[in-house]
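>>> coordinates only, sequence not included:
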Ligand code: PAF
């Protein structure tokens with residue numbers, strides 16, 4: 001695996017790659033969910049590119065940014081073992097040479113759910129993903145369904161701007177307890193992690209969003225939202241000071257399953 005810290009050097013190297021390219025953008029602290037995206041990219045493409053960039057502009061809360069787990073050396077080992085070809089590790093100055101002067105805005109779906117509770121979050125996500133997609137010049141980009149609102153917004157942005165990259169949604173990978181894999185899970189205590197698995201159980205089992213909210217509150221979760229959109233029930237909650245999100249298909253027939 002070749003690691004690029006310099007984006008100029010990467011852009012020069014990219015011009016020499018002529019076969020199909022799959023791309024997995026990440027903020028590091030890789031887990032089995034990320035690795036499933038890498039596996040899918042390797043199945044579909046000749047070359048797989050991963051980026052690790054903890055994007056400051058999508059954190060509306062400084063504490064969350066500072067506490068975001070970082071262990072690049074472990075990530076590099078995981079990706080090498082998984083057969084990733086190129087890793088982009090840009091720094092903030094190079095990513096935002098423009099000092100965040102140019103930004104990507106979406107006017108409707110980015111304002112609900114996580115967008116309503118995290119002002120500026122999706123502007124940060126869409127702007128950095130536009131930059132990353134332009135850098136990767138990939139045929140396909142793989143993203144998890146756990147961040148369902150993010151996935152939809154990026155799919156719609158790529159379509160609106162006639163981008164050449166297909167945005168491929170991949171199923172959420174869960175721990176045996178049902179808890180959706182997330183880098184933020186590392187910040188929970190073992191007991192908190194076990195308790196947080198109730199989120200998936202309640203989202204899947206409750207008769208409607210209101211009942212799901214009541215049940216979550218009864219179990220001491222602080223609930224940002226439980227709402228239904230796009231044939232899915234989506235939620236964001238807080239536990240032990242950690243914000244967790246998840247979503248399920250309202251019709252279980254529409255739930256994507258991770259490949260074995
Ligand atoms: O889902 C993430 O990890 C991030 O939002 C992304 C897409 C890498 C952009 O920073």
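Alright, I've got the coordinates. Note that the structure is predicted; figures quoted are calculated from it, not measured. Numbering: from 1, shown residues only.
>>> residue 222: neighbour count?
Neighbour count of residue 222, defined by other Cβ atoms under 10 Å: 12. The C-beta positions use only the backbone N, C-alpha and C, and glycine is treated the same way.
>>> how far out from the middle of the chain is stretch 164-172?
11 Å (Cα atoms, centre = their mean, to the nearest Å).
>>> ends of that stretch, how far apart?
Stretch 164-172 has an end-to-end distance of 25 Å (Cα to Cα, to the nearest Å).
>>> could you do stretch 3-23 as well?
Using Cα to Cα, the end-to-end distance of stretch 3-23 comes to 14 Å.
>>> quick one: buried residues of it?
Neighbour-count burial for stretch 3-23 flags 4, 7, 10, 14, 21, 22, 23 (criterion: 16 or more other Cβ atoms under 10 Å).
>>> ok, the third one touching residue 16?
Which is residue 10. No - counting by Cβ atoms under 8 Å, residue 10 stays clear of residue 16, with 11.0 Å between them.
>>> how close does residue 51 get to the ligand?
Going from residue 51 to the ligand by Cβ to the nearest ligand atom, to the nearest Å gives 7 Å.
>>> not counting its neighbours along the chain, what's nearest residue 53?
Distance criterion Cβ to Cβ, 6 or more residues apart in numbering; nearest residue to residue 53, sequence neighbours excluded, is residue 90 at 5.5 Å.
>>> for that neighbour, the count of nearby residues, please.
Neighbours of residue 90 (other Cβ under 10 Å): 21.
>>> which residues are in contact with it?
5, 7, 51, 53 (Cβ atoms under 8 Å, 6 or more residues apart in numbering).
>>> how about residue 232?
Residue 232 neighbours (Cβ under 8 Å, 6+ apart): 148, 247, 248, 249, 250.
>>> surely the last one meets residue 230?
No - look at residue 250 against residue 230 with Cβ under 8 Å: they stay out of range, at 9.3 Å.
>>> between the two, which is the more surrounded one?
Neighbour totals were compared for residue 250 and residue 230, and residue 250 leads with 15 against 12 (other Cβ under 10 Å).
>>> next one: phi and psi at the more buried one?
With angles defined as degrees, to the nearest 10, residue 250 sits at phi -70, psi -40.
>>> low-confidence ranges in this structure?
Scanning the chain for pLDDT under 70 picks out 258-260.
>>> geometric centre of it: which residue is closest?
residue 147 (5.4 Å; Cα atoms, centre = their mean).
>>> what residues does the stretch 101-250 of the chain put near the ligand?
Residues of the stretch 101-250 of the chain lying close to the ligand by Cβ under 6 Å from any ligand atom are 125, 128, 129, 147, 150.
>>> which pair of the residues you listed spans the longest distance?
128 and 147 (13.5 Å; Cβ to Cβ).
>>> in the stretch 51-200 of the chain, what residue is nearest the ligand?
residue 55 (4.0 Å; Cβ to the nearest ligand atom).
>>> can you classify residue 246 by secondary structure?
Following DSSP: H, G, I helix; E, B strand; the rest coil, residue 246 is assigned to strand.
>>> quick one: secondary structure of residue 163?
At residue 163 the chain is in coil, as set by three-state DSSP.
>>> returning to that earlier point: would you mind listing which of the contacts of residue 232 are buried?
Buried, going by 16+ other Cβ under 10 Å: 148, 247, 248, 249, out of these.
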